[in-house]
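A.B. asks: model the structure of this input:
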Amino acid sequence: MRKLLSIFIFIFLLTGLVACDQDIDPIIEPIDLSLVYPQNDVYYEIFVRSFADSDADGIGDLNGITEHLDYIEELGATALWLMPINPSPSYHGYSVTDYYDIESDYGTLADFQNLIDAASLRGIDIIIDLVINHTSDQHPWYISAASSTSSEYRDYYIWNNGTAYESFVGGMKDLNFENPAVVAEVKNIMNFYLEMGVHGFRIDAAKHLIESNNATLDNALLIFELNQYMKSIDPNSFLVSEVFDYNYQLTTDYYIGTDSLFNFSAASNIWDKVGYGNNRFLLVSNLKKAYDDFRFIRPDFVDSPFIDNHDVDRIASMGGFNTYNTLEKIALAARISLTLPGSPFIYYGDELGMKGVRYEGVNIPGYGTVYDEYRRQPFLWGDAAYQTTWLPSDGSNDAVDTLSVQRTAKNSLFSQYQQMIELRKDNPALMYGNYFEAYVNNTSNIQGYLRYFQYEDVEQAVLVLHNLSQDPYLVDLEYVSLLYGTLNIPAYGSLIITIDPNRIEEYI
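C.D. replies: Have a look, this model is predicted:
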């Protein structure tokens, strides 16, 4: 009888709840903003040859990355950019011989598919280098084109008195994008990798694709066409273009076609203002000028800030960062980059403070003549099991603590990167959107900016202040919550606070 009564009461209550459903507040699921803003990530740039060796041949490979996805998660990165992975006669891979295969040193297409699938299970996106400005002179297209003026591939290249044009030396022959067949080939390449599951591409040497009297517009429109094709396959895909120019005014129009641009202007301002301490009061105003111009062309622009990459000396080796307060300055540069709008890119090893510079044709015993190899040195695991050894040490990183040391060292550069990445991901004003306004009380010592975000019921305003001086600086500010640092900002330190979104005007 008790059991039947219990059942009756349960049915009665259930019926009542259903009848009164309109009076009960529905359960509101939290918004997954990463689905709303699929192009906003924290990227980790990997030179595959130098990262992790899975088969003890001394050369990094795709399986090495797959086996170390735990590390990518530990650092906090949400996406990977893999430098060229196609077959190439060059160590760097920027002279491709086959766009539909993988460099044998790195593995196979099956290995790459396995990496994509394993990363996807962890929510990690992958973009790859799309090296289409040129091919290797050993590519079958070029071999055929050079063999006969009647070759079907002759017009794939640009000829001058029988010589194929090169915008970069070393047997890299420029493709002819005035030829619709070349554009169609590139679309086929993009489709091939999008079908495998890549999230998008980094277009190498974007300003050299078409070198005409109206090169900027012509290239922007070409990239627009490629981007539109890519979006027809995957609307959430991401296209970031390398327009290597420190003057943002010469790059802005590329936002006509691309989702994002590497922000060389921001990088150079960080090097100059943080490293050398020159004209520090201009840091934020210079950043804002660029962002305002980007926004004028593309209101939903996604910036790609960075502090160095494979084409420049590592920040730990740059003048201004390698003299005094080295660790503090490098950490400050990282905090600036990781609190700017867009999708910040971290070059592998920067989280350890790895060093590396370009040599101009120096002979290294056991290797040969080097140029930019030492900008792309083996990652410092501190474990011989997967350490790459393809390049002999030049001694520049002998005093740099390996990952195994920094993992357990208090306040190591690695731990500071971890903390800042996590902070970014936890705060939508930092992670999403492109709002950026200068702090009203900026000085030569203190440079700050407001980041604001609003989507449906999610709203946040974050004030970021950086101390660019050698002395501590006390600020007196009202805030809602303290995210990072203290009001007494130490030398080369930062303060990050949330403020009342209704009072933003008081801070800008």
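A.B. asks: now do the contacts for Gln270.
C.D. replies: In this structure residue 270 is Ile, not Gln. Listed by Cβ atoms under 8 Å, 6 or more residues apart in numbering, the contact partners of Ile270 are Leu283, Ile307, Ala333, Ile336, Ser337. From N, CA and C alone the C-beta is placed, and that goes for glycine too.
A.B. asks: once you drop chain neighbours, what's closest to it?
C.D. replies: Ala333 (5.1 Å; Cβ to Cβ, 6 or more residues apart in numbering).
A.B. asks: which parts of the host helix or strand of the one you found are buried?
C.D. replies: Assigned by DSSP states H and E, Ala333 belongs to helix 326-337. Buried residues in helix 326-337, counted by 16 or more other Cβ atoms under 10 Å: Glu328, Lys329, Ile330, Ala331, Leu332, Ala333, Ala334, Arg335, Ile336, Ser337.
A.B. asks: now, among the residues you listed, which is nearest to Thr78?
C.D. replies: Using Cβ to Cβ, Ser337 comes nearest to Thr78 of those, at 15.2 Å.
A.B. asks: what about the strands in the stretch 351-500 of the chain?
C.D. replies: 362-364, 368-370, 437-438, 446-455, 458-467, 473-474, 481-484, 488-489, 494-499 (DSSP state E, counting those that start in this stretch).
A.B. asks: out of those strands, flag the one nearest Gly107.
C.D. replies: strand 368-370 (24.6 Å).
A.B. asks: save the strands of the stretch 351-500 of the chain as a markdown table, and put in distance to Gly353, mean neighbour count and mean pLDDT too.
C.D. replies: Listed next are the strands of the stretch 351-500 of the chain as a markdown table, based on distance: least, Cβ to Cβ, whole Å; neighbours: other Cβ atoms under 10 Å; pLDDT from 0 to 100:
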| stretch | distance to Gly353 | mean neighbour count | mean pLDDT |
| --- | --- | --- | --- |
| strand 362-364 | 23 | 12 | 96 |
| strand 368-370 | 22 | 13 | 97 |
| strand 437-438 | 30 | 18 | 98 |
| strand 446-455 | 23 | 21 | 98 |
| strand 458-467 | 19 | 22 | 98 |
| strand 473-474 | 25 | 14 | 97 |
| strand 481-484 | 20 | 15 | 98 |
| strand 488-489 | 22 | 16 | 98 |
| strand 494-499 | 18 | 21 | 98 |
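A.B. asks: nearest to Pro392, of these?
C.D. replies: strand 362-364 (5.9 Å).
A.B. asks: re the thing from before, okay, the angle between the helix holding Ala333 and strand 458-467?
C.D. replies: If you take axes from the mean of the first three to the mean of the last three Cα atoms, to 10 degrees, helix 326-337 sits at 150 degrees to strand 458-467.
A.B. asks: where do the strands sit along the stretch 201-350 of the chain?
C.D. replies: 238-241, 260-262, 302-304, 345-347.
A.B. asks: er, the stretch 1-150 of the chain I mean
C.D. replies: 43-46, 79-82, 125-130, 134-136.
A.B. asks: measure Glu459 to Arg122 for me?
C.D. replies: Using Cβ to Cβ, to the nearest Å, Glu459 is found at 29 Å from Arg122.
A.B. asks: where exactly do the helices run in the stretch 301-450 of the chain?
C.D. replies: 326-337, 403-406, 413-426, 428-431 (DSSP state H, counting those that start in this stretch).
A.B. asks: hang on, the earlier thing: compare the strands of the stretch 1-150 of the chain and give me the one nearest Ser104.
C.D. replies: Per Cβ to Cβ, nearest to Ser104 of those: strand 134-136, 14.7 Å.
A.B. asks: hmm, who's touching stretch 129-136?
C.D. replies: Contacts of stretch 129-136 with the rest of the structure, by Cβ under 8 Å, 6+ apart, involve 81-86, 88-90, 93-97, 141-142, 166-168, 171-175, 186, 189-190, 201-206, 208-209.
A.B. asks: buried subset of those as a ChimeraX selection?
C.D. replies: Written as a ChimeraX command, the selection of buried residues from the contacts of stretch 129-136, which uses 16+ other Cβ under 10 Å, is:
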select :81,82,83,84,85,86,88,93,94,95,96,97,141,142,171,172,173,174,175,186,189,190,201,202,203,204,205,206,208,209
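A.B. asks: out of the contacts of stretch 129-136, which sit inside helices?
C.D. replies: Among the contacts of stretch 129-136, the members found in helices (DSSP state H) are Trp141, Tyr142, Val186, Ile189, Met190.
A.B. asks: what would these look like in JSON lines with distance to Phe414 and pLDDT?
C.D. replies: Below are the ones in helices among the contacts of stretch 129-136 laid out as JSON lines (distance: Cβ to Cβ, whole Å; pLDDT from 0 to 100):
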{"residue": "Trp141", "distance to Phe414": "44", "pLDDT": "98"}
{"residue": "Tyr142", "distance to Phe414": "43", "pLDDT": "98"}
{"residue": "Val186", "distance to Phe414": "38", "pLDDT": "98"}
{"residue": "Ile189", "distance to Phe414": "36", "pLDDT": "98"}
{"residue": "Met190", "distance to Phe414": "35", "pLDDT": "98"}
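A.B. asks: quick revisit: distance to Val243 added to the strands of the stretch 351-500 of the chain, as a markdown table?
C.D. replies: What follows is those, written out as a markdown table (distance: least, Cβ to Cβ, whole Å):
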| stretch | distance to Val243 |
| --- | --- |
| strand 362-364 | 30 |
| strand 368-370 | 27 |
| strand 437-438 | 25 |
| strand 446-455 | 24 |
| strand 458-467 | 26 |
| strand 473-474 | 36 |
| strand 481-484 | 32 |
| strand 488-489 | 35 |
| strand 494-499 | 29 |
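A.B. asks: so Glu67 touches Ala52, yeah?
C.D. replies: Yes - in this structure, Glu67 is within contact of Ala52 by Cβ atoms under 8 Å, at 6.6 Å.
A.B. asks: who's more crowded, those two?
C.D. replies: Using other Cβ atoms under 10 Å as the criterion, Glu67 and Ala52 rank with Ala52 on top: 25 against 16.
A.B. asks: next up, the contacts around the more buried one.
C.D. replies: Contact analysis of Ala52 by Cβ under 8 Å, 6+ apart lists Gly60, Asp61, Gly64, Ile65, Glu67, His68, Phe379, Trp381, Tyr386, Thr388.
A.B. asks: name the nearest residue to it, sequence neighbours excluded.
C.D. replies: That would be Gly64: by Cβ to Cβ, 6+ apart, it lies 3.1 Å from Ala52.
A.B. asks: so that neighbour makes contact with Tyr386?
C.D. replies: Yes - with contact defined as Cβ under 8 Å, Gly64 reaches Tyr386; the gap is 5.9 Å.
A.B. asks: hey, what's in contact with both of the two?
C.D. replies: With Cβ under 8 Å, 6+ apart as the test, Gly64 and Tyr386 both reach Ala52, Asp53, Ser54.
A.B. asks: quick one: residues contacting Ala119.
C.D. replies: Contacts of Ala119 (Cβ under 8 Å, 6+ apart): Thr66, Leu69, Ile72, Leu80, Asp125, Ile126.
A.B. asks: what count of nearby residues applies to the second one?
C.D. replies: Going back to what we said before, that points to Leu69. With other Cβ under 10 Å as criterion, Leu69 counts 16.
A.B. asks: same check on the last one?
C.D. replies: Other residues near Ile126 number 22, with proximity taken as other Cβ under 10 Å.
A.B. asks: wait, isn't it in contact with Met196?
C.D. replies: No - using Cβ under 8 Å, Ile126 makes no contact with Met196, being 9.4 Å away.
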